[in-house]
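Student: what would the 3D arrangement of this be:
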Amino acid sequence: MISINTMTKNINYVSIIFFSITLIFLDAYLIFNVPLSWIGLSFLFLVSLYYLIKNNGLKKLNNIFLFLILISIPQFFQFFTVQHGSSDLIYTLLRYFNIVSFVTVFSFSIQIFKDISRINFFKYMKFFILLFSFVSIYIYFAQIFDLFEPVRNRENTNLFGDSSQSTFWLSQPHRAMSTFREPVFLITFFFPIVLSYFYLDKKNQFYFPFFTGIALGLTRSDYVRLFCIVLLCFVIFNYIKSKEVIYSFLSLILSIMIFSTFGILECNINPQSVDCQDYQEDLKKINDSGKLKVKSNSSNPITELDSDRVEVIEYFITSLSSLEPSGVSQVNLNYQNYLKTKVSENMYFTNRTLPYYLLTRYSTLDFGTGNYSTLKFTPNVQNLVIFYTHAFGYVFPALVFLLIIDLLIKEKFSTKSIFFLMILMFISISPIEEVNAFYGLILGLLYRPLFKEDYESL
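Tutor: Numbering: from 1, shown residues only. Next comes the predicted model:
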């Protein structure tokens, strides 16, 4: 039995965890020019650090931090041989803060279930998923019908349009973004929590996951649709292995596929929208028939990668033959140099021989109006594996491979180990190119229920 004093202490920890998650999910907002998501990540790290210090948990991390120092030697060497400004130093420190916070929070979240009530934690988790799903669906319709929505005051990742957050699509169906700057960020952070909850809690089998799937599906993200195929393969594997059907996953997949496949144009459903009023000619073309138009994703195969991702993969493949650890500060700069070279080689001749191409901007093709933004702005590789492989060399994929093999052998290729690796794969292929405190929390909270037997059953 857990004593009353312990429960009081534990409820505080659970509350703090979900307060941090809430701040992390407020990605689209700033306070005093500081992103709320950064505050949430930092707060989660500090709480984890306090808990580990209090419970002598930092000793277990000594070997990990020593290994991190050893593989960072190229970074240290670069800082002593190349002149860097203060912005470069801040950038590098933030990259290492993400790694250190990931390791710290991962260790914290593994250990915390020794002290807290798992039932109490899952009550909070269920409430958070329900509330955030509702907020996501509300914001989706609020943007269409000009209802109240908190002012989005953080710059977007888009290099054009003064880096403002895009909340309007003229010729494409509206997309849910909730409290994030982009729909894909909503998927990247929310989907792992949803999958973890429904895998560990077998009670909610249809209505709850279907409702949550609506919020995820309204993003109309090819990323989430592609991963639904992976999830379906896991459901089949789980049934073959254990003869158990995970109905919550099937309900989630069904909901996501329906609401991500079909969508309605904002200017078709609400022609009086503030955003639509700036496009009167297009508005007339869209609504000439007087019928409600439902647009599908069928013309865009979910297994087809967008051009930006193809460019990154091509760069990664061509760089493997001469790959050397360059440190975390150089990865995106090297990628920029690769793109700049391609643009520069084509720019002079094309602009003078084929001026027709100047009329159109091609985002990643380098003829005429290629991606000139790469000459000034540094693009991200948008892939965790590519980022850390270039930063630390072949030692990173080798270490990850050995850890995966070790887990699979120890767990005898169980469904639990496959599910854990599926979440790890989701994180690895997401557009977030670094680990962070949130990822450490999710993986750590999964690790104990899946691979340790000393936890309280639901």
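
Student: quick one, what contacts residue 68?
Tutor: 99-100, 103 (Cβ atoms under 8 Å, 6 or more residues apart in numbering). For every residue, glycine as well, the C-beta is placed using N, CA and C.

Student: from those, which land in helices?
Tutor: 99-100, 103 (DSSP state H).

Student: tabulate these (CSV), appending distance to residue 390.
Tutor: Shown next, in CSV, are the ones in helices among the contacts of residue 68 (distance: Cβ to Cβ, whole Å):
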residue, distance to residue 390
99, 15
100, 20
103, 20
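
Student: ok, those residues vs residue 75, which is closest?
Tutor: residue 99 (11.3 Å; Cβ to Cβ).

Student: roughly how far does that closest one sit from residue 392?
Tutor: 10 Å (Cβ to Cβ, to the nearest Å).

Student: same check on residue 243?
Tutor: 42 Å.

Student: residue 211 too?
Tutor: Residue 211 is 42 Å from residue 392, by Cβ to Cβ.

Student: which of residue 243 and residue 392 has more neighbours?
Tutor: Neighbours were counted for residue 243 and for residue 392 using other Cβ atoms under 10 Å; residue 392 has more, 23 against 7.

Student: my guess is the more buried one meets residue 323, correct?
Tutor: No - distance between residue 392 and residue 323: 10.5 Å, which falls outside the contact criterion (Cβ atoms under 8 Å).

Student: secondary structure class for the nearest residue to residue 431 once chain neighbours are set aside?
Tutor: Nearest residue to residue 431, sequence neighbours excluded (Cβ to Cβ, 6 or more residues apart in numbering): residue 382, at 4.4 Å. Judged by DSSP: H, G, I helix; E, B strand; the rest coil, the three-state class of residue 382 is coil.

Student: and residue 382, what is it in contact with?
Tutor: Counting by Cβ under 8 Å, 6+ apart, residue 382 has contacts 308-309, 312, 431, 433.

Student: also residue 252?
Tutor: 194, 198, 209-210, 212-213, 216, 231.

Student: quick check, pLDDT for it.
Tutor: Looking at residue 252, its pLDDT stands at 96.

Student: okay, it and residue 218: tell me how far apart.
Tutor: 14 Å.

Student: ditto for residue 388
Tutor: Counting by Cβ to Cβ, the separation of residue 388 from residue 218 is 32 Å.

Student: ditto for residue 174
Tutor: Counting by Cβ to Cβ, the gap from residue 174 to residue 218 is 8 Å.

Student: repeat that for residue 41.
Tutor: Residue 41 sits 26 Å away from residue 218, taking Cβ to Cβ as the criterion.

Student: equivalent analysis for residue 185, please.
Tutor: 14 Å.

Student: kindly report the same for residue 128.
Tutor: With distances taken as Cβ to Cβ, residue 128 is found 19 Å from residue 218.

Student: do the same with residue 269
Tutor: 13 Å.

Student: between these two, point out the one with more neighbours.
Tutor: Taking neighbours as other Cβ under 10 Å, residue 269 and residue 218 compare with residue 218 leading, 25 against 16.

Student: and the nearest residue to the more buried one once chain neighbours are set aside, how many neighbours?
Tutor: Closest residue to residue 218 apart from its sequence neighbours, by Cβ to Cβ, 6+ apart: residue 176 at 3.6 Å. Under the neighbour criterion other Cβ under 10 Å, residue 176 is assigned a count of 26.

Student: what pLDDT is listed against residue 176?
Tutor: Residue 176 is given a pLDDT of 94.

Student: I figured it hits residue 184, correct?
Tutor: No - between residue 176 and residue 184 there is no contact under Cβ under 8 Å: 11.1 Å.

Student: gap between the two ends of stretch 424-436?
Tutor: End-to-end span of stretch 424-436 (Cα to Cα, to the nearest Å): 13 Å.

Student: which residues in the stretch 201-350 of the chain form helices?
Tutor: 207-217, 222-242, 247-261, 266-269, 280-287, 307-319, 331-353 (DSSP state H, counting those that start in this stretch).

Student: which stretch among those helices comes nearest residue 95?
Tutor: Short answer: helix 331-353, nearest of the helices of the stretch 201-350 of the chain by Cβ to Cβ, at 9.1 Å.

Student: could you identify the helix or strand that succeeds that closest one?
Tutor: For helix 331-353, the following helix or strand on the C-terminal side (DSSP states H and E) is helix 384-392.

Student: which elements pack onto that next one?
Tutor: Counting contacts by 3 or more Cβ pairs under 8 Å, 6 or more residues apart in numbering; DSSP states H and E, helix 384-392 is packed against helix 307-319, helix 331-353, helix 395-411, helix 415-429.

Student: need these in TSV with mean neighbour count, mean pLDDT and distance to residue 151, can you?
Tutor: TSV is the format used below for these (neighbours: other Cβ atoms under 10 Å; pLDDT from 0 to 100; distance: least, Cβ to Cβ, whole Å):
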stretch	mean neighbour count	mean pLDDT	distance to residue 151
helix 307-319	15	81	29
helix 331-353	15	68	30
helix 395-411	13	90	40
helix 415-429	18	93	31
